[in-house]
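Trainee: My questions concern the predicted model and sequence given below.
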Amino acid sequence: MIAVDTNLLVYAHREDSPHHRMAFDAIIHLANRRSGNWAIPWPSLHEFLAVVTHPKIYDPPSPIDVAFASIDQWLNCANCRLIGESEFHLDQLKSLCHPGKIKGPKIHDARIAAICLQNDVDELWTADRDFSLFETLKTKNPLVRDEWS
């Protein structure tokens, strides 16, 4: 299973993003796959909403109903699912944070990495290099077309 990070969701949604076309194509690629699920971690979904509707980030920001419409489209794909924390989340989070001395804003990334690992994600598609801190999670950057086409 492939999970999708916040930045790709934002780029796919925001047509004014310089990465829009590549991110949009990557999501379409996942939605049209005949085998295998793709997933969105709950924290990435929440962060997506916070980013695209924020007036200090986008002028104009996405109206909340438009942002939710994008989410509905993704979740209406038969092979898309939402993934979240399990009862073992805290142990997984600790195992990711202690070796790398993860702290501050990187805790959010560790949360997403822990969710992916708990849910048997094969790879996380992201443009965020910070996920390389978590060696047990395989990542790909689909903004580099050779990574997924």
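Mentor: Everything's here; your move.

Trainee: list the helices and strands the helix or strand of the chain with the lowest mean pLDDT packs on?
Mentor: Among the helical and strand segments of the chain, the one scoring lowest on mean pLDDT, DSSP states H and E is helix 89-100, with a mean of 90. Here helix 89-100 touches helix 106-118, going by 3 or more Cβ pairs under 8 Å, 6 or more residues apart in numbering; DSSP states H and E. Bear in mind the C-beta positions are built from the backbone N, C-alpha and C, glycine included.

Trainee: Run the angle between the helix it packs on and helix 89-100 for me.
Mentor: If you take axes from the mean of the first three to the mean of the last three Cα atoms, to 10 degrees, helix 106-118 sits at 120 degrees to helix 89-100.

Trainee: Arg21 looks like it's in a helix, true?
Mentor: Yes - assessed with DSSP: H, G, I helix; E, B strand; the rest coil, Arg21 lies in a helix.

Trainee: For the chain, which segments count as helices?
Mentor: Under the criterion DSSP state H, the chain contains helices at 6-13, 20-31, 42-52, 64-75, 89-100, 106-118.

Trainee: and of those, who's closest to Pro142?
Mentor: Nearest of those to Pro142, taken as Cβ to Cβ: helix 20-31 at 3.8 Å.

Trainee: Mind listing what's buried along the closest one?
Mentor: 22-27, 30 (16 or more other Cβ atoms under 10 Å).

Trainee: cool, and stretch 115-134?
Mentor: Residues 115-119, 121, 124-127, 131, 133-134 are the ones in stretch 115-134 that count as buried (16+ other Cβ under 10 Å).

Trainee: quick revisit: what's next to the least confident helix or strand of the chain, contact-wise?
Mentor: Helix 89-100 is touched from outside by 102-103, 107, 110-111, 113-115, 117-118, 133-134, 136, with contacts defined as Cβ atoms under 8 Å, 6 or more residues apart in numbering.

Trainee: Go again with 6 Å.
Mentor: With contact meaning Cβ atoms under 6 Å, 6 or more residues apart in numbering, helix 89-100 is reached by 110, 113-114, 117-118, 133-134.
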